[in-house]
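fold the following and give me the result.
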Amino acid sequence: MIMKTIKLLLTALVAVVLLAGEGCAKDHIVTFEKLPANAQNFIKKHFAEKQISLCKKDVDFSETTYEVYFNDGCSVEFNKKGEWKEVSCRASGVPDAIIPSPILDYVKSNYPGVKIVKIDLDKRGYEIELTNRLELKFNKQFQLIDLDD
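Down below sits the predicted model:
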């Protein structure tokens, strides 16, 4: 009787784990037209000359994100509203028009000739990576708060 109960409990536990795994993050390939309108407009404005290789929708418990990959290695991540969260262009540099002007001005004056190859935006501020491998963090008021090399 105890063995039968243990087997039943183990079977139920395995079923719960498998079902929970099904509800975890799921990536779906989507077409450009299935991206939120804000994301489509952002790409048309800042990456019009680039060819898209893949658009992906990532559904997780807490959030939905979209990722767009370009043939030249650039990528952009958007939130569910189509607002950019991360832009990475390691070969060519992030387009200047995406970077807030106080951050762009800071980099140009303190690191002449260096490009911004990645920018992340979150609720605390901005984090950028430069071609010289420095990582700079700025708060929402565009004040430098950290530097990693």
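
what segments of this structure are strands?
Here the chain has its strands, by DSSP state E, at 26-29, 52-59, 64-70, 75-79, 84-88, 116-122, 125-130, 135-139, 144-148.

comparing the ones you listed, which yields the minimum mean pLDDT?
Here the lowest mean pLDDT among the strands of the chain goes to strand 26-29, at a mean of 91.

what does residue 36 show for phi and psi?
Main-chain torsions, residue 36, degrees, to the nearest 10: phi -60, psi 150.

so who does it touch?
By CB atoms under 8 Å, 6 or more residues apart in numbering, the residues touching residue 36 are 66, 78, 80-82. Using the backbone N, CA and C atoms, a C-beta is placed for each residue, glycine as well.

hmm, 6 Å instead?
Residue 36 is in contact with residue 82, counting by CB atoms under 6 Å, 6 or more residues apart in numbering.

quick one, phi psi at residue 89?
Phi and psi for residue 89, reported as degrees, to the nearest 10, are phi -140, psi 80.

so it makes contact with residue 76?
No - Residue 89 is beyond contact range of residue 76, at 9.0 Å (criterion: CB atoms under 6 Å).

between the two, point out the one with more neighbours.
Counting neighbours by other CB atoms under 10 Å for residue 89 and for residue 76 shows that residue 76 has the greater number, 25 against 22.

how near is the more buried one to residue 146?
Note on residue 76: its distance to residue 146, by CB to CB, to the nearest Å, is 24 Å.

cool, residue 92 as well?
Relative to residue 146, residue 92 is positioned 26 Å away (CB to CB).

now residue 70
29 Å.

how far is stretch 118-134 from where the chain is centred?
Counting by CA atoms, centre = their mean, to the nearest Å, stretch 118-134 is centred 12 Å from the centre of its parent chain.

list the buried ones in that stretch?
For stretch 118-134, the neighbour count (16 or more other CB atoms under 10 Å) marks 118-121, 125-130 as buried.

give me the contacts around stretch 57-67.
With contact meaning CB under 6 Å, 6+ apart, stretch 57-67 is reached by 25-28, 30, 35, 39, 56, 77-78, 80.
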